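Colleague: Sequence first, predicted coordinates after that:
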Amino acid sequence: MKFDTPATANPTDRMKVLGKPLDRVDGKLKTTGTAHYAYERNDVAPNAAYGYIVGAAIAKGRIESIDTADAKAAPGVLAVVTYENAGKLGKAKNHTARMLAGPEVQHYDQAVAVVVAETFEQARAATKLLRVNYARAKGNFDLAASKASATKPKSGNPDTAVGDFAGAFAKAAVQVDERYTTPDQSHMMMEPHSTTAAWKDGKLTLWTSNQMIAWAVSDMSETLLLPKENIHVMSPYVGGGFGSKLWVRSDAVMAALGSRAIGGRPVKLALARPQVMNNTTHRPATIQRLRIGAQKDGKITAIAHESWSGDLPGGGPETAPNATRLLYAGANRMTATRLAVLDLPEGNAMRAPGEAVGLLALEAAMDELAEKLKMDPVQLRIVNDTQVDPEKPSRQFSQRDLVGCLKTGAERFGWNKRNAVPGQVRDGRWLVGMGMASAFRDNVTMKSGARVGIDKKGVVTVATDMTDIGTGSYTIIGQTVAEMMGVPMDKVVVLLGDSSFPASSGSGGQWGGNSSTAGVYAACMALRDSVARKLGFNSTDVVFEDGKVKSGNRSVSLAEAAGDAGISAEDTIEFGDLTKTYAQATFGAHFVEVGVDPATGEIRVRRMSGAFAAGRILNPKSARSQVIGAMTMGVGAALMEDAIVDTRFGYFVNHDLAEYHVPAHADIPMQDVFFMDELDEKSSPMKAKGIGELGLCGVGAAIANAVYNACGVRIREYPLTLDKVIGKMA
């Protein structure tokens with residue numbers, strides 16, 4: 001099915017099952033421990049051996065020699081695989097660094113070897129016996145020190161310019177010109193990267209923790225130089241990813257090499273938590289400069305956003321200025337992205353790449369502009385709303401209710417009670433302040449397919465390689481099928497995360513829910529047509545409801561229509577050029593109240609509230625869970641998350657959950673989440689958009705703005721730790 005014209009009335013509009021806050025269908029399996037994750041596949045690999053990765057002890061250089069003799073002789077050891085005996089390997093186009101180092105080392109903790117043994121303990125112990133000699137080379141590990149050498153990225157759209165920014169900024173009545181920094185951050189999902197791998201007759205099976213099944217097959221094919229048809233990837237349950245599992249990592253590759261080395265016997269391999277931080281990917285640090293010029297009435301006349309980040313050679317930038325291109329009006333504008341070469345572990349996608357860090361700067365700068373104007377921050381944003389792409393005014397937004405989010409969020413939060421003068425409100429020992437920020441995330445759609453069938457009992461089964469990374473994919477896909485085929489949820493079976501199923505959009509970029517359900521919609525439409533034709537019904541007036549197919553005065557049960565042989569159909573949604581005609585994005589508004597202890601600099605988030613516009617909400621309960629999780633992640637980004645680089649040796653020092661701090665229950669108050677009533681017919685036949693990353697975008701800036709309102713300290717270097725607060729307290 002090609003989606004190249006806006007959606008009209010269709011079966012999803014009935015909203016008998018869709019739009020209902022149903023419990024997660026996989027909830028019981030997960031809460032009872034009966035959902036099998038990648039490392040737990042004893043059901044299919046009861047005789048598995050265990051692998052443990054040895055990571056490079058240097059950040060850049062070469063391996064001069066590897067002595068494996070003692071490790072091979074250790075108790076229980078079955079094999080030791082290095083670049084010297086792994087066989088010929090390729091490099092997947094999705095990988096900036098190779099998954100197995102040798103002889104070149106590209107970053108600290110890059111996999112150098114895998115030890116395979118009968119038990120996990122034996123494998124881990126034997127890694128200590130490996131002797132690796134390195135020739136260390138000088139590397140670049142400091143973004144600030146490398147900023148001057150940063151260059152314009154060769155791909156993408158790094159620079160934009162409209163009008164005369166420099167001239168308009170110079171003439172602006174009110175100006176903001178500030179520098180903001182964000183640190184390296186780690187995904188820190190609950191389930192580490194994990195794989196169980198096995199070979200049989202030259203074919204590889206992987207049970208792995210991965211967000212994008214079709215990409216995983218391609219990555220493994222390109223790395224192992226193996227035909228795609230010889231690779232079977234399964235990932236029915238994923239314990240979080242946040243972008244770190246968009247592509248296979250060394251756990252999958254090294255488990256596969258380890259299994260092949262011992263004759264195909266299954267090998268389990270999970271990265272230790274320090275390896276998750278240094279061996280996989282992270283969100284790169286940024287240095288950002290925001291310049292905004294406005295008239296005295298608050299209307300922006302000039303806006304510029306420049307950003308610097310770093311990555312390994314061949315990598316890409318953190319696209320922090322992207323949101324600034326679309327969020328506010330202004331005739332004269334420019335954005336620029338620059339990329340430095342850093343020899344740190346790979347920088348790559350982390351929840352809301354670009355917008356998450358870009359809005360930390362932009363929305364803080366907007367607060368500073370509001371203060372200079374002596375204008376309410378909410379009103380400033382309303383004054384600068386636009387219904388067209390500011391860089392391409394001929395391109396209207398498909399749906400844009402930022403103003404509605406701002407007004408609704410402000411009313412629900414009680415924004416009118418805010419004292420605009422910093423440091424004036426106390427609650428006991430706490431200085432109390434309020435802050436707000438806009439939320440913005442681009443709406444991306446991806447090609448997605450599914451197969452749907454009805455059996456002789458009237459049960460409808462849907463199969464697609466879509467993944468559920470804790471987002472509720474099983475449930476909203478089940479709801480889509482139930483709505484489209486007119487059956488209750490207990491008559492729907494959802495099968496996900498298997499490369500033998502039709503290729504889906506996968507989970508990432510906030511595109512998963514909307515795109516995958518649109519693919520299921522397409523398959524259901526094909527199935528409805530097949531059923532109608534089989535029964536001789538007119539497909540234009542056929543109705544599927546109550547487990548029956550109805551047309552005129554005729555009614556046939558789905559079970560009868562399917563017959564003993566059953567009936568199925570498969571289709572794929574392909575998205576046309578509507579994004580060229582219409583700018584598509586999701587919007588919201590965050591409101592936060594914080595307390596600051598003037599004696600210690602401690603910051604406590606007291607209240608959080610948000611209003612969001614993201615098309616049709618397919619399941620309000622799971623959508624709310626996604627947003628409060630994202631808001632919680634925003635608290636971490638604002639107040640604590642900081643992957644600290646040892647700039648001498650090129651690695652992240654605080655590489656575990658003891659020292660890389662993320663929010664705990666005590667850090668998070670009750671969160672109010674409100675979804676605006678919206679349909680977006682230009683987004684997909686589901687009229688939905690993504691929601692999981694929107695809740696992260698802007699919330700950190702809202703916290704920073706609230707801290708300033710509480711105590712008068714403006715911090716532009718995230719995270720806002722107490723030493724920075726105390727250092728600037730009057």
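Modeller: Okay, I see it.

Colleague: check contacts around the nearest residue to residue 517 once chain neighbours are set aside.
Modeller: Spatial nearest neighbour of residue 517, excluding adjacent residues (C-beta to C-beta, 6 or more residues apart in numbering): residue 480 at 4.5 Å. From N, CA and C alone the C-beta is placed, and that goes for glycine too. Residues near residue 480 by C-beta atoms under 8 Å, 6 or more residues apart in numbering: 12, 18, 517, 520, 521, 524, 618, 686.

Colleague: Now residue 480. Its backbone dihedrals?
Modeller: phi -60, psi -50 (degrees, to the nearest 10).

Colleague: closest to residue 335 among the contacts of residue 480?
Modeller: residue 686 (31.4 Å; C-beta to C-beta).

Colleague: Wait, the closest one touches residue 614, no?
Modeller: No - Residue 686 is beyond contact range of residue 614, at 11.7 Å (criterion: C-beta atoms under 8 Å).

Colleague: Pick out whichever of the two has more residues nearby.
Modeller: residue 614 (32 against 29; other C-beta atoms under 10 Å).

Colleague: The more buried one and residue 627: what is the separation?
Modeller: 9 Å (C-beta to C-beta, to the nearest Å).

Colleague: between these two, what contacts are shared?
Modeller: 691, 694.

Colleague: and the nearest residue to residue 401 once chain neighbours are set aside, how many neighbours does it have?
Modeller: For residue 401, ignoring the flanking residues on the chain, the nearest one in space by C-beta to C-beta, 6+ apart is residue 613 at 4.1 Å. If you count neighbours by other C-beta under 10 Å, residue 613 ends up with 27.

Colleague: what bridges to residue 613?
Modeller: Taking DSSP bridges as the rule, residue 613 bridges to residue 587.

Colleague: pretty sure it is touching residue 674, no?
Modeller: No - counting by C-beta under 8 Å, residue 613 does not reach residue 674; the two are 10.0 Å apart.

Colleague: Tell me which two in the contacts of residue 480 are the farthest apart.
Modeller: The most distant members of those, if one measures by C-beta to C-beta, are 524 and 618, lying 14.4 Å apart.

Colleague: how near is the residue nearest to residue 517 to residue 494?
Modeller: For residue 480, the distance to residue 494 - C-beta to C-beta - is 10 Å.

Colleague: now swap in residue 319 and tell me
Modeller: Residue 319 is 34 Å from residue 494, by C-beta to C-beta.

Colleague: what about the helices in the stretch 351-500 of the chain?
Modeller: 355-373, 377-383, 402-413, 473-485 (DSSP state H, counting those that start in this stretch).

Colleague: what comes into contact with stretch 716-725?
Modeller: Residues contacting stretch 716-725 (C-beta under 8 Å, 6+ apart): 178-183, 360-361, 364, 596, 600-603, 637-642, 700, 703-704, 707, 711, 713, 715.

Colleague: Show me the residues you listed that map onto helices.
Modeller: In this view, the contacts of stretch 716-725 that belong to helices under DSSP state H are 360, 361, 364, 637, 638, 639, 700, 703, 704, 707, 711.

Colleague: Quick check: the first one touching residue 700?
Modeller: Yes - at 4.9 Å, residue 360 and residue 700 qualify as touching, with contact defined as C-beta under 8 Å.

Colleague: in the stretch 601-730 of the chain, which ranges drop under the pLDDT threshold?
Modeller: Along the stretch 601-730 of the chain, the model assigns pLDDT under 70 to residues 730.

Colleague: In it, what residue spans correspond to strands?
Modeller: 603-613, 645-646, 651-652, 671-675 (DSSP state E, counting those that start in this stretch).

Colleague: residue contacts, the residue nearest the centre of the chain?
Modeller: For the chain, the residue nearest the mean C-alpha position is residue 351 (3.2 Å; C-alpha atoms, centre = their mean). For residue 351, the contact set (C-beta under 8 Å, 6+ apart) comprises 187, 242, 243, 630, 633, 692, 693, 696.

Colleague: just curious, which of those is nearest to residue 569?
Modeller: residue 692 (29.0 Å).

Colleague: Give me the nearest residue to that closest one, chain neighbours excluded.
Modeller: Residue 692 sits nearest to residue 626 (C-beta to C-beta, 6+ apart), 4.2 Å away.

Colleague: Enumerate every residue touching the one you found.
Modeller: Going by C-beta under 8 Å, 6+ apart, the list of residues near residue 626 reads 471, 472, 691, 692, 695.

Colleague: low-confidence ranges in the stretch 151-300 of the chain?
Modeller: Those would be none, if you go by pLDDT under 70 across the stretch 151-300 of the chain.

Colleague: which residue ranges form the helices in it?
Modeller: Using DSSP H, counting those that start in this stretch, helices in the stretch 151-300 of the chain cover 165-171, 213-224, 250-261, 273-279.

Colleague: ditto for the stretch 1-150 of the chain
Modeller: Under DSSP H, counting those that start in this stretch, the stretch 1-150 of the chain gives helices at 27-31, 69-72, 120-127, 143-146.

Colleague: angle of the longest one against helix 250-261?
Modeller: Computed by axes from the mean of the first three to the mean of the last three C-alpha atoms, to 10 degrees, the angle separating helix 120-127 from helix 250-261 equals 90 degrees.

Colleague: Need the residues that contact helix 120-127.
Modeller: 49-54, 71, 74-77, 80, 113, 115-117, 268.

Colleague: Tell me the buried residues within those residues.
Modeller: The neighbour-count test (16 or more other C-beta atoms under 10 Å) marks 49-54, 71, 74, 76-77, 80, 113, 115-117, 268 as buried among the contacts of helix 120-127.

Colleague: got the CA coordinates for the helix or strand hosting residue 517 in PDB?
Modeller: According to DSSP states H and E, residue 517 maps onto helix 512-535. What follows is helix 512-535, C-alpha atoms only, in PDB (Å, rounded to 0.1, in the frame of the first residue of the first chain):
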ATOM      1  CA  GLY A 512       7.900   2.600  15.500                       C
ATOM      2  CA  GLY A 513       4.400   2.800  16.800                       C
ATOM      3  CA  ASN A 514       2.900   4.800  13.900                       C
ATOM      4  CA  SER A 515       4.800   3.100  11.100                       C
ATOM      5  CA  SER A 516       4.400  -0.500  12.300                       C
ATOM      6  CA  THR A 517       0.700  -0.100  13.000                       C
ATOM      7  CA  ALA A 518       0.300   1.500   9.500                       C
ATOM      8  CA  GLY A 519       2.000  -1.600   8.100                       C
ATOM      9  CA  VAL A 520      -0.500  -3.800  10.000                       C
ATOM     10  CA  TYR A 521      -3.300  -1.600   8.700                       C
ATOM     11  CA  ALA A 522      -2.100  -2.200   5.100                       C
ATOM     12  CA  ALA A 523      -2.000  -6.000   5.700                       C
ATOM     13  CA  CYS A 524      -5.500  -6.000   7.300                       C
ATOM     14  CA  MET A 525      -6.900  -4.000   4.400                       C
ATOM     15  CA  ALA A 526      -5.500  -6.700   2.100                       C
ATOM     16  CA  LEU A 527      -7.000  -9.400   4.300                       C
ATOM     17  CA  ARG A 528     -10.400  -7.700   4.400                       C
ATOM     18  CA  ASP A 529     -10.400  -7.500   0.600                       C
ATOM     19  CA  SER A 530      -9.500 -11.200   0.300                       C
ATOM     20  CA  VAL A 531     -12.200 -12.200   2.700                       C
ATOM     21  CA  ALA A 532     -14.800 -10.000   0.900                       C
ATOM     22  CA  ARG A 533     -13.800 -11.400  -2.500                       C
ATOM     23  CA  LYS A 534     -13.900 -15.000  -1.200                       C
ATOM     24  CA  LEU A 535     -17.400 -14.500   0.100                       C
END
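
Colleague: Next secondary structure element downstream of it?
Modeller: Using DSSP H and E, the helix or strand that follows helix 512-535 towards the C-terminus is strand 543-545.

Colleague: mind checking how far that next one is from the chain centre?
Modeller: 36 Å (C-alpha atoms, centre = their mean, to the nearest Å).

Colleague: Then stretch 567-585?
Modeller: On C-alpha atoms, centre = their mean, the centre of stretch 567-585 falls 21 Å from the chain's centre.
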